[in-house]
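*Asks:* I need the structure of the sequence given here:
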Amino acid sequence: MDKVKKSFWRDNWLVIVTGLLIGAAAVVLSALGNPKNMGFCIACFERDIAGALQFHTADKLRYFRPEIVGIVLGAMGMALIKKEWRAQGGSSPVTRFLLGMLVMIGALVFLGCPLRMVIRIGGGDLNAVIGLAGFIVGILIGVIPMKLGFSLNRAYKQNALEGLFFPALLTVLFVLSLTTALLKASTAGPGSLHPAWWISLVIALAVGALCQRSRLCMAGGIRDVVLFKDFHLILGFAAILVAVFVGNMITTLVSGNSLVSFFAGFGFEKQPIAHSDFLYNFLGMVVVGWGSVLLGGCPLRQLVLAGEGNSDSAITVFGFIAGAAVSHNFGLASSGDGIGSGPVLWVLLAGFAILLVISIFHTKRRA
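*Replies:* Numbers count the residues shown, from 1 in each chain. This is a model prediction of the structure:
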C-alpha cells in the first residue's frame, strides 16, 4: 500500500500542485480585486483584452489583463529553461482560428471558460454544474472523431520569429497599456475590478510555468479518462476545485462571516456574473468542450502552447479574441441579467454544424 501511495504521488504530484496553485490564485486574485468567482478566467480575460483594444463596444469590459501575458511568458520561460521551446506551426491555421472563435462564443454564452466553470462550482454557483454537464457532453462528442482518426494535420518546424511573435506582441501591448492611453480601461463594471498589475503578472507567471511542466488541460483531463482511462490530468482539475472550495471557506471566515453564510450562498440565483438559464449554460459549454477537444486543448492550454512557440495555438488565441469581439458586437454574450439580445440559439446551432463539418472532413478512418 505504501508503495502504491508513493508511486501515485511521484507520478501525479506536479499536476496536483499546479491545480492547487491555480485554485489558490483564483481565490487570492478575487480577494485582491478581480470579480468574485472570476479570479482566473481565460475567456473573461481575453474578452477584456478585446475591449481594451476596442474590438468590441462594451465599455465595462475593457482592461488589458496581465494574467494572460503572465501565463504566456511564464510558459515560455519554463520551456526555454527546459529546452522545450520550439517554433512550429502550419497545422490547419484557418480551421484553428474558426474553432477558437466558436469556443469563445460558447464560453461567453455560459459566461466563463472551463477554468472559470470549476471556480464557479467551488464558489457555490450551481449553474456551473449544468455547464460542466454540457462540457462533458461536448468532450464525449469530440472524442468520437478522435477515435476514428481525427487530425488537424501535423505542425512543422518554423523560423524562430514565428514562435516569438505572439509573446512579443503581447508584451508590447501590455507595456503600452501601462504607459499610454492607446488601450482603454473601464472605469466601472468587471473591467474596472482588478488587483495591482504586478500582482496579477507575478501570479500568472508562476501559473504559466507550472502549467508548462504539468501539461494541465481542463478538456484534456476528461478526454484522457474517456480515451485512455488515464486519470492523471483530471487530478489537476479536481485540485483546482478543492483549492477554490477551501479558499472560499477561509476567505469567508477571515471576513468575519460564518461557514453557514458560505453554504447558504450555494444555488442558482443571484450568483456573481452568471445567469440561470439551464439550456444556454449547457449548450454553450457543449460547444466549448467539443471545440477544445478538436483543438487539442482548452483555452488555458492554448496559451501555454503559444508560449512554447506554437504559432497554431497563437492563431487560436487570436480566434478567441475575435470570438469575444463578435459575441459582444452582435449580442451573443450573456450577462448577469440573462442571455444576449442577438440570435444566440441560431449561432450555437450553426456552431454545432460547423463543428460537425470540421469533425467529418478532418477525420481519416484508420485501416
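*Asks:* going forward, measure contacts and count neighbours with C-alpha atoms only.
*Replies:* Will do.
*Asks:* Longest helix in the protein, please.
*Replies:* helix 2-32 (DSSP state H).
*Asks:* ok, and for that helix, which residues are buried?
*Replies:* Buried residues in helix 2-32, counting neighbours by 16 or more other C-alpha atoms under 10 Å, are found at 12-32.
*Asks:* which SSE is the nearest residue to Asn37 once chain neighbours are set aside in?
*Replies:* The shortest distance from Asn37 to any non-neighbouring residue, by C-alpha to C-alpha, 6 or more residues apart in numbering, is to Arg120 (5.3 Å). Here Arg120, judged by DSSP states H and E, is contained in helix 114-122.
*Asks:* now the strands: where do they sit in this structure?
*Replies:* For the chain, the strands defined by DSSP state E occupy 88-89, 156-157.
*Asks:* Which of the ones you listed sits closest to Ser341?
*Replies:* When those are compared by C-alpha to C-alpha, strand 88-89 sits nearest Ser341, at 37.4 Å.
*Asks:* related to what we said a few turns ago, tabulate the strands of the chain (JSON lines), appending distance to Phe282 and mean pLDDT.
*Replies:* Formatted as JSON lines, the strands of the chain follow (distance: least, C-alpha to C-alpha, whole Å; pLDDT from 0 to 100):
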{"stretch": "strand 88-89", "distance to Phe282": "33", "mean pLDDT": "96"}
{"stretch": "strand 156-157", "distance to Phe282": "36", "mean pLDDT": "94"}
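*Asks:* among those strands, which is nearest Ile105?
*Replies:* Short answer: strand 88-89, nearest of the strands of the chain by C-alpha to C-alpha, at 24.3 Å.
*Asks:* Give me the helices and strands touching the closest one, please.
*Replies:* strand 156-157, helix 311-329 (3 or more C-alpha pairs under 8 Å, 6 or more residues apart in numbering; DSSP states H and E).
*Asks:* re earlier: which stretch among the strands of the chain is buried most, on average?
*Replies:* Greatest average neighbour count among the strands of the chain goes to strand 88-89 (a mean of 22), per mean count of other C-alpha atoms under 10 Å.
*Asks:* Distance from the chain centre to that strand, please.
*Replies:* 22 Å (C-alpha atoms, centre = their mean, to the nearest Å).
*Asks:* Mind listing residues that contact it?
*Replies:* Ala155, Tyr156, Lys157, Gln158, Asn159, Glu162, Gly163, Gly309, Asn310, Ser311, Asp312 (C-alpha atoms under 8 Å, 6 or more residues apart in numbering).
*Asks:* at 6 Å instead, please
*Replies:* Ala155, Tyr156, Lys157, Gln158, Asn310, Ser311, Asp312 (C-alpha atoms under 6 Å, 6 or more residues apart in numbering).
*Asks:* For ChimeraX, what selects the buried ones among those residues?
*Replies:* Entered in ChimeraX, the line below selects the buried ones among those, by 16+ other C-alpha under 10 Å:
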select :155,158,310,311,312
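*Asks:* Need the contacts of strand 88-89 in a markdown table (columns: distance to Gly77).
*Replies:* Below are the contacts of strand 88-89 laid out as a markdown table (distance: C-alpha to C-alpha, whole Å):
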| residue | distance to Gly77 |
| --- | --- |
| Ala155 | 22 |
| Tyr156 | 22 |
| Lys157 | 20 |
| Gln158 | 19 |
| Asn310 | 14 |
| Ser311 | 16 |
| Asp312 | 19 |
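*Asks:* And the contacts of strand 88-89, which is closest to Gly340?
*Replies:* Asp312 (30.2 Å).
*Asks:* who's in contact with the closest one?
*Replies:* Asp312 sits in contact with Gly89, Pro93, where contact means C-alpha under 6 Å, 6+ apart.
*Asks:* Let the chain start at 868 from now.
*Replies:* Noted, 868 is the first residue going forward, which turns the last one into Asp1179.
*Asks:* Now do it against Gly1009, distance only.
*Replies:* To Gly1009, Asp1179 is 19 Å away according to C-alpha to C-alpha, to the nearest Å.
*Asks:* and if you look at Glu913?
*Replies:* Counting by C-alpha to C-alpha, the gap from Glu913 to Gly1009 is 24 Å.
*Asks:* Show me the shaky parts of the stretch 1118-1234 of the chain.
*Replies:* Low-confidence regions of the stretch 1118-1234 of the chain, defined by pLDDT under 70, span residues 1232-1234.
*Asks:* Okay, helices next: where are they in it?
*Replies:* 1126-1131, 1145-1162, 1166-1174, 1178-1196, 1211-1228 (DSSP state H, counting those that start in this stretch).
*Asks:* Centre of the chain to the first one, how far?
*Replies:* Using C-alpha atoms, centre = their mean, the mean C-alpha position of helix 1126-1131 is found 28 Å from that of the whole chain.
*Asks:* Okay, buried residues for that helix please.
*Replies:* Buried residues in helix 1126-1131 (16+ other C-alpha under 10 Å): Phe1129.
*Asks:* can you dump the C-alpha coordinates of it into CSV?
*Replies:* These are the backbone C-alpha positions of helix 1126-1131, laid out as CSV (Å, rounded to 0.1, in the frame of the first residue of the first chain):
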residue,chain,number,x,y,z
LEU,A,1126,-19.5,29.0,7.1
VAL,A,1127,-23.3,28.8,7.4
SER,A,1128,-23.4,32.0,5.2
PHE,A,1129,-21.0,30.5,2.8
PHE,A,1130,-23.1,27.4,2.2
ALA,A,1131,-26.2,29.4,2.2
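*Asks:* quick one on the thing from earlier: mind putting the helices of the stretch 1118-1234 of the chain in TSV, distance to Leu1102 included?
*Replies:* Formatted as TSV, the helices of the stretch 1118-1234 of the chain follow (distance: least, C-alpha to C-alpha, whole Å):
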stretch	distance to Leu1102
helix 1126-1131	24
helix 1145-1162	18
helix 1166-1174	16
helix 1178-1196	24
helix 1211-1228	28
